[in-house]
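Trainee: quick one, what's the 3D model for this:
(2 chains)
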Amino acid sequence: MLYNEPSPLEVKVVTRRFGKPDSEKIDTYLADEGYEAFKKTLTLTPEAIIDELKASSLRGRGGAGFPTGLKWSFVPRNTGKPAYIICNSDESEPGTCKDRLLMENDPHQLIEGMLIAGWTVRSPAGYIFIRGEYRYLIDIVDRAVAEAYERGFLGKNILGSGWDHDIYTHTGAGAYECGEESALLESLEGKRGIPRLKPPFPAVVGAFQCPTILNNCETFSAIPAIFRQGAEWFASLGPPKNGGTRMMCVSGHVNKPGVYELPLGFPLMRLINEVCGGMRNGKKLKAVIPGGSSSPCLRAEECDIGLDFDSIAKAKSMAGSGGIVVLDEDTDIVGLALRTIKFYQHESCGWCIPCREGTTWLKKILERYHGGGGREKDIDLIHEIAKGMFGRTFCALGDAAAMPTYTFIEKFRDEFEAYLQKSRPKQIPELALL
Amino acid sequence: MADLVTFTIDGRQVQAAPRTLLITAAKQAGIEIPAFCYYDGFSLQAACRMCLVEIEKTPKLQVACTTPVTEGMVVRTDSPQVAAARKGMLELLLTNHPLDCPVCDKGGECELQDMVFRYGAGESRFVETKQHVDERQWSPVVFYDKPRCILCYRCVRVCDEGLGVGALGVGDRGSASEIIPNRGDHLECDECGACIDICPVGALTSGTYRYQTRPWEMDHVGTICTFCSNGCKTTLGVRNGEITRANNRDKSGVNGEFLCVKGRYGFDFNHHPERLTAPLVRVNGKLAPASWAQALATVGKKFAEVKQRGGKFGVIGSNHTTNEENYYLQNFARQALGTSNIDHRRTGDVATLIDALHGHAGALATTADLYTTPAALIIGSDLSQQHPFLAWQLRANFRHHQAKVFAITSGPIREDRYAAKTMRAAEGEELTAVESFREHLAQQKSLVILFGDSIKGDAVRKLVAFGDSLGIPVSYVPLVDYSNSRGASDMGVLPDLLPGYHGVREAGLEPGLAYDAILSATDLDALYVVQENPFAKTPLASTGAFVVVQDLFLTETAERADVVLPAASAYEKAGTVTNVCGEVQKLKAGAKTMGAKTDLEIMGLISKEMGVSIGIWKHDTVFAEVRKSVPGYNVALPVVETGGAAPTFPVNGRVPLEDRPDLISSDRNTLFLSGTLGRYSKMLTSVLEYPGKLYGQPVETELEMKEAQNT
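Mentor: Model (predicted):
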């Protein structure tokens, strides 16, 4: 099912079957060029497939935006070990809600994308790692996998190619950290969800110590279209080096929040004003969080940018997972900072000191600050702690917690200061009075 | 040297072997990069982020513990950015770490204290409340204080990787993360305490040491553990003559930092309330306290009288006394008492091996060899239980060099888990079974064979013949039980052999009665027992014999004695002992027990009472004589004197011995048992009685799985 009205401005590539009756069924899929791309790739060499992907300038939709073709080219062949295909559907970044739609509405598109990856490295098996909270999606995906087996797209000697491939679903246990690729692999292997030391990267030593292609659900879902309609067409949808479309998950103070598929580079302000019907209640825009809660927020005046990886990076934020949170003038930034750090504190895996202790300390200060016990020096302290965490943690979770926090201080210091004036001391630990 | 990598650190150009980790390379260059989680020899964690350094052309700070040095790398460890990072990490660590240093066991030798002192901030900006979690006890040995824990995961790794036990894990997540036992609320493990010693802070504390003393109030005495034969160096923390702890944190000795439960916690026998502190003399059928003068006079007079009338003596030596004492004892027996009826309880067939190896050079393996050998074969020993340090060495060898370990034992052993090949064979059947390994063994570059007491007499010769037939260099470790079992054999506490495996006939003597014959001789007139407890198993046949016993406790044997002389323990004397691999190490006196005398002194005093002179009873004088007269013991004195281990090379010719396999039997002590001595250690006995199945079935199941895979 769909949760919002589509916008006429959308360019539907991965969502083109959304809203069709029985869109999750294999017959619907087959009737709409389903598995045609995979059949095409069966005639291609691995090099040709990877070259095509590189030409499409498809970049990872999970958060880091790494070129997918390049990632696949790192997977060594002829190691004597099997290579595995892992789909990261552990979508947990606050503000992001696209993978669930892809799995719910078009699971076969995902399976086809994984099959192309599997065929490229002649992998014996693929795993779809689904966020624990998405339990209801497993049944849908499992049904789709079963259908694919029935029609001979999975199992032994797929379409007479002599190649065998199986796909399994696996759920996380409710940890944000398991969306980090190496922690996901640990979890998949039945271990505690903590990130691995890199290098080696999963492409070389991944699942079960074997070479692994690990991509986001949306990334895999975009692949069939590339081989159906050509890399050139896909690349031309967005600006250079930012091929294709993205599912933008817009939440916050707009009139029509929802998930919209738009080409990369689509202007942020047009997204807010035209696609999403403008600000709710005619309020003024205060800020936008452009790529999930871990991306540094943009002040209203910084929002005149295109939504592609490079433009957002240029604005010193990141495209991240595509979770766009629009904030109006009434937003309490201190409260937002607290809510954000609470999430990351709760989700820190605890492996390394700066993230484990830093998020906890930040949460404690912000709780006190928000509760009315703030001191002027806390503003700098919060900024310093967050800066001290940034770039020094084991994995990116520490950065994800630090970046929004220090950005809130840098961009809305006035609000923090004003908070100090208007609040009355309420919940102050004894020591803080010193 | 040609392929060294040159890099620059803090403006200095230095070289290191390629692939050396930056943290190690810096250390070699004399530059400290602080770290908590990095620990030499164990897997890399990069969790504590203390070792962040600046590397040119890399925007972010990098962890030195996982970055290998590369040619031309330019590193700064002294920049303001690095200093700020270190300060920041420490500040973060201290946010929840309780500052209870004044009562913390670790206070004074805590790595966190030291780091904060050196790199930390003087003032904390943390004004929030700390999370408190109550302390937990996991076993009689191990206590865990969660708030103090900085989660460096050293304990988890030493237990899993080092010991092969894997009793510890990490539970929960985020700031609630904590170390937990992998089996519910208690530990099922070796209780070795390695986790406690390796803990950089006071999160893990030991049942014997906690809240006993401050570290700076102790004298630290490096000596050798007196329990099993592995010869681990243990550093005793001694306060007011009493041992309060034992560890080996300075990684000295053959064992590095390895110690088992006996080495770390078994020392408490030394202060057991039943320790003898005055001689006992039998008066009117009862043992009554007497002065040393009275007791020695009684013994001297009786011994002189028996000797004069040509009576029959028996002398039983010890597996725990020093080389000097054993050497002196056989001198005492042969010269002062004029008897060849001297023996000790033999726990492994060393003498036959020495004979079988005639003409072989370098065929006795050292403990260090176990870490470097490409292959090892274990025959008839549950190595982790009976020889924990040797097992540790092999495990480290497997971990670091992928050594091939083969095992033939009657039951499952821990080595099965990583062994290249493992096999079950009934005792005595091992030599038949070993043939099936021949092909695999012959492919190895060299091999160390460790064999237990089931290989004895002729079997030892057959084993050596098997080793010779492999066509590769083979060396051997004859497994013996106790701290100086090897030394007792080397020093000629045997009826047919003099020190250094010379036949007694060389000295114009006839072989005397062996251990069993001494005990079963009905016409024995006097029996002299030094720190041994033969009557625990076999009563003395000669009911009328005059029995003198030197021991720490009133053992079954001492209870039957006419005179009991309180002896000093190994922790109370100086001298040397020889471990299972024939390495000589020095004992240092740490503790004191009032009233007890060393066995050496007692023997000297008895001979003096008897009016016989067999030389000065000073350990260094006797050792000088040992070095001169016992082949293979002319070891470099500085090595032994400075606390090193000197390998010995006993005779390389034929040994004129009488094969007595029937006399050879190991006590099969496990980790928590040690003959008579272990009974008096409160910690060892409490660990034994501790509820919870120790090593339930997993070994067996894993082995079955492995076997299923092989077939």
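Trainee: C-alpha from now on. contacts and neighbour counts both.
Mentor: Noted.
Trainee: up against chain B, what does the stretch 251-400 of chain A have?
Mentor: Taking C-alpha under 8 Å from any C-alpha of the partner chain as the criterion, the neighbours of chain B within the stretch 251-400 of chain A are A:345-354, A:356-358, A:360-361, A:364-365, A:385, A:388, A:391-394.
Trainee: export stretch A:168-179 as CSV, just CAs?
Mentor: C-alpha atoms of stretch A:168-179 as CSV (Å, rounded to 0.1, in the frame of the first residue of the first chain):
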residue,chain,number,x,y,z
TYR,A,168,17.4,-16.1,2.5
THR,A,169,15.7,-13.5,4.7
HIS,A,170,17.1,-12.6,8.0
THR,A,171,16.0,-10.2,10.7
GLY,A,172,18.0,-7.9,12.9
ALA,A,173,17.2,-7.8,16.6
GLY,A,174,16.4,-4.1,16.9
ALA,A,175,19.8,-2.4,16.7
TYR,A,176,20.4,0.7,14.6
GLU,A,177,24.1,-0.3,14.6
CYS,A,178,23.3,-3.3,12.5
GLY,A,179,22.7,-1.1,9.6
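Trainee: next, the buried residues of that stretch.
Mentor: A:169-172, A:174-179 (16 or more other C-alpha atoms under 10 Å in any protein chain shown).
Trainee: that stretch and chain B in contact?
Mentor: No - no part of stretch A:168-179 sits close enough to chain B to count as contact by C-alpha under 8 Å from any C-alpha; the gap is at least 9.4 Å.
Trainee: roughly how far apart are the nearest residue to B:Val261 once chain neighbours are set aside and B:Asn230?
Mentor: Nearest residue to B:Val261 in three dimensions, chain neighbours excluded: B:Cys192, at 4.0 Å (C-alpha to C-alpha, 6 or more residues apart in numbering or on different chains). Counting by C-alpha to C-alpha, to the nearest Å, the separation of B:Cys192 from B:Asn230 is 15 Å.
Trainee: among the two, which residue is more densely surrounded?
Mentor: Between B:Cys192 and B:Asn230, B:Asn230 has the larger neighbour count (other C-alpha atoms under 10 Å in any protein chain shown), namely 30 against 23.
Trainee: then that one would be within a strand, right?
Mentor: No - secondary structure assignment places B:Asn230 outside any strand; it is coil (DSSP: H, G, I helix; E, B strand; the rest coil).
Trainee: show me the contacts for it.
Mentor: Residues counted as contacts of B:Asn230 (C-alpha atoms under 8 Å, 6 or more residues apart in numbering or on different chains) are B:387-390, B:482-483, B:579-581.
Trainee: and what of B:Ala567?
Mentor: Going by C-alpha under 8 Å, 6+ apart, B:Ala567 touches B:276, B:531, B:550-552, B:596-599.
Trainee: show me where chain A has its strands.
Mentor: For chain A, the strands defined by DSSP state E occupy A:84-89, A:125-130, A:166-171, A:212-216, A:245-252, A:258-263, A:266-267, A:285-289, A:298-299, A:306-307, A:323-328.
Trainee: OK, now which residue of the stretch 351-500 of chain B is nearest to chain A?
Mentor: Nearest residue of the stretch 351-500 of chain B to chain A, counting by C-alpha to the nearest C-alpha: B:Arg399, 17.2 Å away.
Trainee: point out where the chain drops to low pLDDT.
Mentor: I'll assume chain A. Regions of chain A meeting the criterion pLDDT under 70 cover residues A:1, A:423-434.
Trainee: sorry, should have said chain B
Mentor: For chain B, the stretches with pLDDT under 70 are B:1-2, B:689-711.
Trainee: from the stretch 101-250 of chain A, which residue is nearest to chain B?
Mentor: Checked against chain B (C-alpha to the nearest C-alpha), the nearest residue in the stretch 101-250 of chain A is A:Leu197, 7.3 Å away.
Trainee: you'd agree that residue is up against B:Ala46?
Mentor: Yes - in this structure A:Leu197 lies within contact range of B:Ala46 using C-alpha atoms under 8 Å: 7.5 Å.
Trainee: domain map for chain A?
Mentor: Structurally, chain A divides into domains by automatic domain parsing as follows: A:8-236, A:245-328, A:333-432.
Trainee: quick one on the thing from earlier: give me the subset of the contacts of B:Ala567 lying in helices.
Mentor: Applying DSSP state H to the contacts of B:Ala567, the entries found in helices are B:Asp599.
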